[in-house]
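Participant: Give me a model of this one.
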Amino acid sequence: MGKYDRMEEADMKIVDRVHQLAQKYQCKMSQIAVAWHWAKGVEAPIIGATKAAYLDDGVGALNVKLTQEDIAFLEEPYVPHPIVGAINQNPPQGVVLLDEKK
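Facilitator: Got it, this is the predicted structure:
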């Protein structure tokens, strides 16, 4: 079982909704994702531009204007994910983690 497999079913509900909105707006799913970030106030979303076309896709997201209904549609099935592979708080003073790097 992979690190994030336990949340795959919940995640796929959101992926399906991103796909539906991409069809509605006749754009790429990545553009819906970037448009959602902008709608939520993120001013510089990280788009992972390993190819020039990805930059074009990111710029194309400027033409996608999600409505409040679209945003609610995307967010409605969201389920918070448990923390995996990291600690969620600092250990008490004096406690040494076994896998701590020195």
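Participant: Angles on the backbone of residue 16, please.
Facilitator: Here is the backbone geometry of residue 16 (degrees, to the nearest 10): phi -60, psi -40.
Participant: what's the answer for the one 5 residues further on, then?
Facilitator: Backbone dihedrals for residue 21, given as degrees, to the nearest 10, come out at phi -70, psi -30.
Participant: what's the helix or strand for the nearest residue to it once chain neighbours are set aside?
Facilitator: Nearest-residue entry for residue 21: residue 32, 4.9 Å, with adjacent residues in sequence omitted and distances by CB to CB, 6 or more residues apart in numbering. Quick note: C-beta positions are derived from backbone N, CA and C, even for glycine. Assigned by DSSP states H and E, residue 32 belongs to helix 29-39.
Participant: The residue nearest to residue 21 - how many residues pack around it?
Facilitator: By other CB atoms under 10 Å, 24 other residues sit near residue 32.
Participant: for it, what are its contacts?
Facilitator: Residue 32 makes contact with 18, 21-22, 25, 61, 64, 66, 74 under the criterion CB atoms under 8 Å, 6 or more residues apart in numbering.
Participant: mind running it again at 7 Å?
Facilitator: Residue 32 is in contact with 18, 21-22, 64, counting by CB atoms under 7 Å, 6 or more residues apart in numbering.
Participant: what's the answer for residue 54, then?
Facilitator: Taking CB under 7 Å, 6+ apart as the criterion, residue 54 is in contact with 47-48.
Participant: now this protein, which segments are flagged as low pLDDT?
Facilitator: Per-residue confidence of the chain (counting by pLDDT under 70) places the weak regions at 1, 96-102.
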